[in-house]
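Novice: Okay, sequence plus prediction incoming.
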Amino acid sequence: MKPGNAIEAMEWVSGGDPAAQPQASVVVLHGLGADGSDFVPIAQALELSAIGPVRFVFPSAPIRPVSINGGYRMRAWYDIHPPRPDGARLEDEAGLLDSLSTVLGLLEREQQRGVPAERTVLMGFSQGCAMTLLAGLRAPWRLAGLVALSGYLPLAGTMAAQAPATNRTTPVFMAHGEHDEVVVPARGLAARDQLRALGQPVQWHSYPIGHSVCIEEVRDLNAWLLRVLASG
């Protein structure tokens, strides 16, 4: 299936009945070099029966050259440049904004299929986490929540000015490994602090792991999803 801007996506509906009408949706964005199948086992480990059927959508990013990996072509939501000698980071704004449009298209598609935005969670890991924060905070519809795992806030300098007020009070679940060697914890903490300074309700979790997800994290996420997706 190719929703949005002709992007490939897998789907799975919790509860065992793929024909059931979902009561909520979770769109999950993978990390650099992975694909939509990466987080299927984690979705299947969640216990969300109290909500009813939940549709999980697992899009796969396009294949593109990635500068930090020597131009090697892989699935990526945007290009990543090597840090400059002074430590500054050049961001691929064009690539980020292109994928922003794609992710917003995926969220809009869930509404067209009968799941309102306020029953939809956007979730991502690493590069997918960056896209979750970028798209979720700029979405023109109020979402149920954002799940930001082991990532950072891209285009941070323009977020306050460009993000509409729509999702300024949307709850955010942020988690990071204390020993993350790929996205250092300081980048996640900086994103957390910036969002909190703007009044965003952020629930922060850290775990004694590297650039990965652990069972304790899944349990904490499960409890959070049950809360933000609880029917009124």
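Specialist: Yep, it's here. Model, not experiment: these values are computed from the prediction. Numbering: from 1, shown residues only.
Novice: where does the one helix or strand in the chain whose mean pLDDT sits lowest sit relative to the chain's centre, distance-wise?
Specialist: In the chain, no helix or strand scores lower on mean pLDDT, DSSP states H and E than helix 156-162, which sits at a mean of 87. Taking Cα atoms, centre = their mean, to the nearest Å, the mean C-alpha location of helix 156-162 is offset from the chain mean by 18 Å.
Novice: Are there helices or strands packed against it, and which ones?
Specialist: If you count contacts as 3 or more Cβ pairs under 8 Å, 6 or more residues apart in numbering; DSSP states H and E, helix 156-162 packs onto helix 185-197. Using the backbone N, CA and C atoms, a C-beta is placed for each residue, glycine as well.
Novice: which residues does Gly15 contact?
Specialist: Ser49, Gly52, Pro53, Val54 (Cβ atoms under 8 Å, 6 or more residues apart in numbering).
Novice: top of those residues by neighbour count?
Specialist: Within the contacts of Gly15, neighbour counts (other Cβ atoms under 10 Å) peak at Val54, which reaches 24 neighbours.
Novice: Touching, that one and Val27? I think so.
Specialist: No. Applying Cβ atoms under 8 Å, one finds Val54 not in contact with Val27, separated by 11.3 Å.
Novice: Give the other helices and strands that the very next helix or strand once past the least confident helix or strand of the chain contacts.
Specialist: Following helix 156-162 in sequence order, the next helix or strand is strand 172-177 (DSSP states H and E). With contacts defined as 3+ Cβ pairs under 8 Å, 6+ apart, strand 172-177 has these neighbours: strand 145-149, helix 185-197, strand 202-207, helix 215-228.
Novice: what's the model's confidence in strand 172-177, averaged?
Specialist: For strand 172-177, mean pLDDT is 98.
Novice: Send over that strand as PDB, restricted to the C-alpha atoms.
Specialist: The C-alpha trace of strand 172-177 is given here as PDB (Å, rounded to 0.1, in the frame of the first residue of the first chain):
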ATOM      1  CA  VAL A 172       4.400  14.100  24.500                       C
ATOM      2  CA  PHE A 173       6.000  10.900  25.700                       C
ATOM      3  CA  MET A 174       9.800  11.200  25.400                       C
ATOM      4  CA  ALA A 175      12.300   8.400  26.100                       C
ATOM      5  CA  HIS A 176      16.100   8.100  25.700                       C
ATOM      6  CA  GLY A 177      18.800   5.600  26.500                       C
END
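Novice: Need the contact partners of that strand.
Specialist: Contacting residues not belonging to strand 172-177 are listed as 133, 136, 145-150, 183, 185, 188-189, 191-192, 195, 200-214, 217, 220-221, 224 [Cβ under 8 Å, 6+ apart].
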